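1. please find the sequence and the predicted model below.
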Amino acid sequence: MYLTTDKKKEIFAKHGKSDADTGTAEGQVALFTFRINHLSGHLKKNHKDYATERSLVLLVGKRKALLDYLKKKDITRYRAIIAELGLRK
């Protein structure tokens with residue numbers, strides 16, 4: 001499996017407040033970005049996998065909604081997570 005519990009803890013420790021704090025917007029955006037990158041790589045090899053394509057579109061929408069929320073609430077946190085993850089915005 002590509003996303004183990006240890007990998008999740010590592011992502012939340014790096015981008016969230018702690019490895020157990022899974023509710024922060026930054027941690028969620030980082031987790032979604034990791035999953036989006038994995039699914040994008042899968043779709044490059046399996047271009048007819050429409051179920052994965054649909055789930056990728058849904059994940060991108062969730063990430064965008066969280067980023068919009070973060071932009072509205074605290075622009076400095078938004079800019080920090082964009083720069084840290086290398087997202088184009």
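-> Good, I have the coordinates.
2. helices of the chain, start to end?
-> Here the chain has its helices, by DSSP state H, at 5-15, 25-45, 50-73, 75-85.
3. neighbours around Phe12, how many?
-> By other C-beta atoms under 10 Å, the residues close to Phe12 number 22. Using the backbone N, CA and C atoms, a C-beta is placed for each residue, glycine as well.
4. ok, the nearest residue to it once chain neighbours are set aside to His47 distance?
-> Spatially, and ignoring its direct neighbours in sequence, Phe12 is nearest to Gly27 (4.6 Å; C-beta to C-beta, 6 or more residues apart in numbering). For Gly27, the distance to His47 (C-beta to C-beta, to the nearest Å) stands at 31 Å.
5. give me phi/psi at Asn46?
-> Note on Asn46: backbone dihedrals following degrees, to the nearest 10 are phi -120, psi 80.
6. using PDB, write out every CA atom in stretch 72-85.
-> Only the C-alpha atoms of stretch 72-85 are listed here, as PDB (Å, rounded to 0.1, in the frame of the first residue of the first chain):
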ATOM      1  CA  LYS A  72      -9.900  33.500   3.500                       C
ATOM      2  CA  LYS A  73      -9.000  32.800   7.200                       C
ATOM      3  CA  ASP A  74      -5.200  33.400   7.200                       C
ATOM      4  CA  ILE A  75      -3.300  34.500   4.100                       C
ATOM      5  CA  THR A  76       0.100  33.900   5.700                       C
ATOM      6  CA  ARG A  77      -0.600  30.200   6.400                       C
ATOM      7  CA  TYR A  78      -2.000  29.900   2.900                       C
ATOM      8  CA  ARG A  79       1.100  31.400   1.300                       C
ATOM      9  CA  ALA A  80       3.300  29.200   3.500                       C
ATOM     10  CA  ILE A  81       1.700  25.900   2.500                       C
ATOM     11  CA  ILE A  82       1.600  26.900  -1.200                       C
ATOM     12  CA  ALA A  83       5.300  27.600  -1.100                       C
ATOM     13  CA  GLU A  84       6.100  24.500   1.000                       C
ATOM     14  CA  LEU A  85       4.300  22.100  -1.300                       C
END
